[in-house]
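Student: Please find the sequence and the predicted model below.
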There are 2 protein chains.
Amino acid sequence: MVYLDNAATSYPKPKTVIEAVLRQMESVGGNPGRSEHQGGLAASRVMYETRHKLATLLGVTDPLRIIFTSNATDSLNLAIKGILKPGDHVMTTSMEHNSVLRPLEALKESGVEVKILEADAKGMVQAKDFEEALQPNTKMLIVTHCSNVTGTIQPVESIIALARHKGILSLVDASQSTGSIDYSIHQMDPDLLAAPGHKALLGPQGTGFLYLKEGVLLQEMKQGGTGSQSENLYQPMTVPDRYESGTQNAHGLAGLQAGVDFLLRETVSAVQEKERNHIQRLKEGLSVIKGVRLYGPEDVRQQGAVQLFTLRDLDQTQLNYLLDQLYGISARAGLHCAPLAHKTVGTYPAGAIRFSPGYFTTKEEIDQALAAVQQLALDF
Amino acid sequence: MVYLDNAATSYPKPKTVIEAVLRQMESVGGNPGRSEHQGGLAASRVMYETRHKLATLLGVTDPLRIIFTSNATDSLNLAIKGILKPGDHVMTTSMEHNSVLRPLEALKESGVEVKILEADAKGMVQAKDFEEALQPNTKMLIVTHCSNVTGTIQPVESIIALARHKGILSLVDASQSTGSIDYSIHQMDPDLLAAPGHKALLGPQGTGFLYLKEGVLLQEMKQGGTGSQSENLYQPMTVPDRYESGTQNAHGLAGLQAGVDFLLRETVSAVQEKERNHIQRLKEGLSVIKGVRLYGPEDVRQQGAVQLFTLRDLDQTQLNYLLDQLYGISARAGLHCAPLAHKTVGTYPAGAIRFSPGYFTTKEEIDQALAAVQQLALDF
């Protein structure tokens, strides 16, 4: 099996990630932040260490500004609904995932004004697009760092700089870039940044985080037991406790910690270089297959580890099924939960096929996938 | 180590639970409900099977009425905020956990009226207490099935019957009972019921569920990618998709499935009997130790697998620390995220020590714990 669906969830996981989950489940009895006995403290320690290592990996000065969530959608909902109030104006792009578009659509009903900026044909937006759409009541802009459909890397630094200059907040959806594109939160300097743990951070499903810049006020979405200030019927205001109600997924976070350790050793820049080579090889190989059309940036340096393509005007979902059934190539067709991005690049409503290699993908596997597409192009 | 903190999170987990997580992480590459390739389908299958088995275990006719969440707090917030609107009146009890009390406290600000009924000295409430507090605008009542502080089992059937008779909704917090007390959702017939996966269901942390009775309208808290109706910027209205945005924790759910399998084989009634014997043994053993005071029901049939006690007027947190450090007894002191319950039984603000045995606890371990308390009683 050739797994080219790392943009959905990474696979395989490093052995150390699986072992860390196993060890945590086998040997640690306790609830993080709750129980004062040895097991409870061991569970708390896993959360502490994962927070600190993630901070190191991503260039976050204060680890306590990293809030654990159950996935990036959870992080994005918290960020969006914790900031926007009726009467606010928010700007975002046509390249966003439904995890941004659907919460915004829901907020429209409560009187939030939403402006969706159209990206160019390669899926790119510019700071000036946001500047032109600014309103007196603009509270925030939301932009994906790297499109899950085309891999387009947005110029987030200049967009965030604009936001800061204009006194509005910036939220970056770093779901596709975190662990795969070498960036530093300190340098990028967004107000909020969301990512999952189970994609390029190589952790288990059920993990994710939201970074919250010092000084940014965010309403919590959930209240409950935090293991702190138990006597208080009010939710504690300390960060991250305020946003981490209920028993945290220490079993999953133990695995995420091991994923972060793996990346600290291998370095994200090495991951990025390897994946970029894969994308380059895919671009070169796909572009010479008759009937294949590529979407997204031409320059691989503007692109994350995602390549979108179609083969003539065939049923792409059917082709993807054949890739899986006949050639053992696991990829994803359809709209990838991002319908406007497909409209932007011209693949709506039929969708397209997405190859997303990961750190463990080999050159030979890329060649197998190319050979399979070549064969399908001849057969149909 | 004698682990008596199963009310916080169960430990140990059955071997099969750990193996199921391991197998899922090792062999399944894919995102449930998203990717159409073999790995994606395998991830979807885990969710499907877990939902069906949980329905079998708990007496739910339609498995699709079980919504997966990240923990019971997540379930309770979804239930509470998805039902209550400004102007509504809601009734609950002083025995609730902060995962109920804190969301209600937060909702007060938006104009929800909250009535907290005082339980009796054993931690029990009655249907008539709710009946007396009914208002014309009462929308829902919320009651814990089994207190996490005293183990008191509430007469939920009569309370739910009253709610139905009066045309208001009922929400049961079954965090402490699910997998430990033999109940059937079909027979109990609540409108909503919340529970975690990592307590007596023996699953991993990062799992939980909310049962939603057919016909009950519930606003979702989060929107995002559901893998369904991707072309639509509106959140799909189908259940459970509407409430399960973002990548689901298939790694954790594989473990939960194995936990449910374990309980289907062993039966919850056998678990309940075993734990009841442990509580009986604890009651008998603790009550003859000079200076020990027990809280909660006297009759073990009115009680789940939790026993609260204090030793004279000593610092209970310090005693609990010594139990851990000197005798290897892992228990939990303090307020257990339920301050009003401690006020009700008279252990606020100092708190008390909670012993919560599980299915894997042995008689010998109970005796070890009793001997340790006996020794502390002599030493101080």
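Tutor: Okay, I see it.
Student: if you skip the residues just before and after it, what's nearest to the residue nearest the centre of chain A?
Tutor: By Cα atoms, centre = their mean, chain A has its centre lying nearest to A:Ser175, at 0.6 Å. Of all residues not flanking A:Ser175 in the chain, A:Ala72 sits nearest, at 4.4 Å (Cβ to Cβ, 6 or more residues apart in numbering or on different chains). Backbone N, C-alpha and C define where each C-beta goes, glycine included.
Student: Test my guess that the one you found contacts A:Ala194.
Tutor: Yes. Look at A:Ala72 against A:Ala194 with Cβ atoms under 8 Å: they come within range, at 5.2 Å.
Student: how about the residue of chain A positioned farthest from its centre, what does it touch?
Tutor: Centroid-distance maximum for chain A: A:Glu231 at 36.8 Å, with Cα atoms, centre = their mean. By Cβ atoms under 8 Å, 6 or more residues apart in numbering or on different chains, the residues touching A:Glu231 are B:Leu335, B:Pro339, B:Tyr348, B:Pro349.
Student: And the pLDDT for it?
Tutor: At A:Glu231, the pLDDT value in this model is 87.
Student: Please report how far it lies from B:Arg102.
Tutor: Using Cβ to Cβ, to the nearest Å, one gets 12 Å for the distance from A:Glu231 to B:Arg102.
Student: With A:Val112 instead?
Tutor: From A:Val112 across to B:Arg102, the span is 26 Å (Cβ to Cβ).
Student: So if I had to pick from these two, which one is more boxed in?
Tutor: Higher neighbour count among A:Val112 and B:Arg102: B:Arg102, with 28 against 23, using other Cβ atoms under 10 Å in any protein chain shown.
Student: quick one: the more buried one is in a helix?
Tutor: Yes. Counting by DSSP: H, G, I helix; E, B strand; the rest coil, B:Arg102 falls inside a helix.
Student: right, and it touches A:Gln235 too?
Tutor: Yes. Checked against Cβ under 8 Å, the pair B:Arg102 and A:Gln235 is within contact range at 5.3 Å.
Student: what is in contact with the two at once?
Tutor: By the contact definition Cβ under 8 Å, 6+ apart, B:Arg102 and A:Gln235 are jointly contacted by A:Gln223, A:Gly224, A:Ser245.
Student: Which stretches in chain A count as helices?
Tutor: A:15-27, A:38-58, A:72-83, A:98-108, A:127-133, A:156-166, A:185-188, A:250-266, A:268-287, A:316-327, A:339-345, A:363-379 (DSSP state H).
Student: relative orientation of the fourth one and helix A:72-83 in degrees?
Tutor: What it means is helix A:98-108. In terms of direction (axes from the mean of the first three to the mean of the last three Cα atoms, to 10 degrees), helix A:98-108 departs from helix A:72-83 by 30 degrees.
Student: Quick check: buried residues in helix A:98-108?
Tutor: Within helix A:98-108, the residues scored as buried using 16 or more other Cβ atoms under 10 Å in any protein chain shown are A:Asn98, A:Ser99, A:Val100, A:Leu101, A:Arg102, A:Pro103, A:Leu104, A:Glu105, A:Ala106, A:Leu107.
Student: and those as JSON lines, adding distance to chain B?
Tutor: Putting those into JSON lines (distance: Cβ to the nearest Cβ, whole Å) gives the following:
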{"residue": "A:Asn98", "distance to chain B": "4"}
{"residue": "A:Ser99", "distance to chain B": "4"}
{"residue": "A:Val100", "distance to chain B": "8"}
{"residue": "A:Leu101", "distance to chain B": "5"}
{"residue": "A:Arg102", "distance to chain B": "4"}
{"residue": "A:Pro103", "distance to chain B": "5"}
{"residue": "A:Leu104", "distance to chain B": "8"}
{"residue": "A:Glu105", "distance to chain B": "5"}
{"residue": "A:Ala106", "distance to chain B": "5"}
{"residue": "A:Leu107", "distance to chain B": "9"}
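Student: Just send these back as a markdown table, with distance to B:Ile160 and pLDDT too.
Tutor: As requested, the buried residues of helix A:98-108 are exported to a markdown table (distance: Cβ to Cβ, whole Å; pLDDT from 0 to 100):
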| residue | distance to B:Ile160 | pLDDT |
| --- | --- | --- |
| A:Asn98 | 37 | 96 |
| A:Ser99 | 36 | 97 |
| A:Val100 | 39 | 98 |
| A:Leu101 | 39 | 97 |
| A:Arg102 | 34 | 97 |
| A:Pro103 | 33 | 98 |
| A:Leu104 | 38 | 98 |
| A:Glu105 | 36 | 97 |
| A:Ala106 | 31 | 97 |
| A:Leu107 | 35 | 98 |
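Student: residues touching the residue nearest to the centre of chain A, list them.
Tutor: Contacts of A:Ser175 (Cβ under 8 Å, 6+ apart): A:Ala72, A:His97, A:Ser99, A:Thr144, A:His145, A:Asn148, A:Ala194, A:Ala195, A:Pro196, A:Lys199.
Student: surely the second one meets A:Asn148?
Tutor: Yes. Under the contact definition of Cβ under 8 Å, A:His97 touches A:Asn148, with a separation of 5.7 Å.
Student: check contacts around A:Lys85.
Tutor: A:Val112, A:Lys139.
Student: Distance-wise, check it relative to A:Leu217.
Tutor: As judged by Cβ to Cβ, A:Lys85 and A:Leu217 stand 11 Å apart.
Student: Can you read off the backbone torsions of A:Pro297?
Tutor: Reported as degrees, to the nearest 10, the phi and psi values for A:Pro297 are phi -60, psi 150.
Student: check contacts around the residue nearest to A:Ser175.
Tutor: A:Ser99, A:Asp173, A:Ser175, A:Ala194, A:Ala195, A:Pro196, A:Gly208, B:Gly246, B:Thr247.
Student: Farthest-apart pair in the residues you listed, please.
Tutor: Greatest spatial distance among these (Cβ to Cβ): A:Asp173 and B:Thr247, at 13.9 Å.
Student: rewinding a little: weed out the non-buried ones from the shared contacts of B:Arg102 and A:Gln235.
Tutor: A:Gln223, A:Gly224, A:Ser245.
Student: list the buried ones in stretch A:128-139?
Tutor: If you call a residue buried by 16+ other Cβ under 10 Å, then stretch A:128-139 has these buried ones: A:Asp129, A:Phe130, A:Leu134, A:Thr138, A:Lys139.
Student: try stretch A:62-79
Tutor: A:63-79.
Student: measure whichever residue of the stretch 51-200 of chain A sits closest to chain B to B:Glu244 for me?
Tutor: In the stretch 51-200 of chain A, the residue that lies nearest chain B is A:Thr73 (2.8 Å; Cβ to the nearest Cβ). Applying Cβ to Cβ, the value for A:Thr73 to B:Glu244 is 10 Å.
Student: likewise A:Thr50?
Tutor: Here the criterion is Cβ to Cβ. By it, A:Thr50 lies 25 Å from B:Glu244.
Student: Mind putting the helices of chain A into JSON lines with distance to B:Tyr183?
Tutor: Shown next, in JSON lines, are the helices of chain A (distance: least, Cβ to Cβ, whole Å):
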{"stretch": "helix A:15-27", "distance to B:Tyr183": "27"}
{"stretch": "helix A:38-58", "distance to B:Tyr183": "28"}
{"stretch": "helix A:72-83", "distance to B:Tyr183": "30"}
{"stretch": "helix A:98-108", "distance to B:Tyr183": "35"}
{"stretch": "helix A:127-133", "distance to B:Tyr183": "54"}
{"stretch": "helix A:156-166", "distance to B:Tyr183": "51"}
{"stretch": "helix A:185-188", "distance to B:Tyr183": "47"}
{"stretch": "helix A:250-266", "distance to B:Tyr183": "26"}
{"stretch": "helix A:268-287", "distance to B:Tyr183": "49"}
{"stretch": "helix A:316-327", "distance to B:Tyr183": "43"}
{"stretch": "helix A:339-345", "distance to B:Tyr183": "43"}
{"stretch": "helix A:363-379", "distance to B:Tyr183": "50"}
